[in-house]
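A.B. asks: kindly return the folded structure for what I paste below:
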Amino acid sequence: MTQKNEYVLVDPTTQAIVAPFDGAPRLPTVAGIRLGIIDDSKRNADVLLEELTEVLRTRYEIADVRWHRKPSASRPADPEAIRELAETCDAVVIAIGD
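C.D. replies: Predicted structure coming up:
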């Protein structure tokens, strides 16, 4: 007696799941804003952020800059630091180095 094997073909591909993202509303101007900076601790992130800060100070006379440096690029920013930046800044910039 011959036994018949039945096989089911499974397609392993999937569709990408894209999370919805609306982003923050644009500021009407950056002149005079309080800017928050999050440095991810990767090499050269601080160089990029310092240059950006200097350009914004020179061109747009931003009012204040508050810095937070993460202990490691692989770790999330301190929730308390995020809360403080959200409460005291008009905009926050994050940079990734390398």
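
A.B. asks: what's the local residue count around the closest residue to residue 32 other than its chain neighbours?
C.D. replies: Counting by CB to CB, 6 or more residues apart in numbering, residue 63 is the residue found nearest to residue 32 once chain neighbours are left out, at 5.0 Å. For the C-beta atoms, the positions are set from N, CA and C on the backbone; glycine is no exception. For residue 63, the count of nearby residues is 12 (other CB atoms under 10 Å).

A.B. asks: so where's the chain shaky on pLDDT?
C.D. replies: Low-confidence regions of the chain, defined by pLDDT under 70, span residues 1.

A.B. asks: longest helix in it, please.
C.D. replies: Residue-count comparison of every helix in the chain, with assignments taken from DSSP state H, identifies helix 45-60 as the longest.

A.B. asks: correct me if wrong: the residue nearest to residue 32 contacts residue 56.
C.D. replies: No. Using CB atoms under 8 Å, residue 63 makes no contact with residue 56, being 10.5 Å away.

A.B. asks: tell me which residues touch residue 35, please.
C.D. replies: Neighbour list for residue 35: 53, 56, 62, 64, 65, 66, 89, 90, 91, 92, 93 [criterion: CB atoms under 8 Å, 6 or more residues apart in numbering].

A.B. asks: any idea how far it lies from residue 89?
C.D. replies: Residue 35 sits 6 Å away from residue 89, going by CB to CB, to the nearest Å.

A.B. asks: quick one: which helix or strand includes residue 38?
C.D. replies: strand 34-39 (DSSP states H and E).

A.B. asks: that strand: which residues count as buried?
C.D. replies: When burial is assessed from 16 or more other CB atoms under 10 Å, strand 34-39 yields the following buried residues: 35, 36, 37, 38, 39.

A.B. asks: ok and that strand relative to helix 45-60, angle-wise?
C.D. replies: Interaxial angle of strand 34-39 relative to helix 45-60 (axes from the mean of the first three to the mean of the last three CA atoms, to 10 degrees): 160 degrees.
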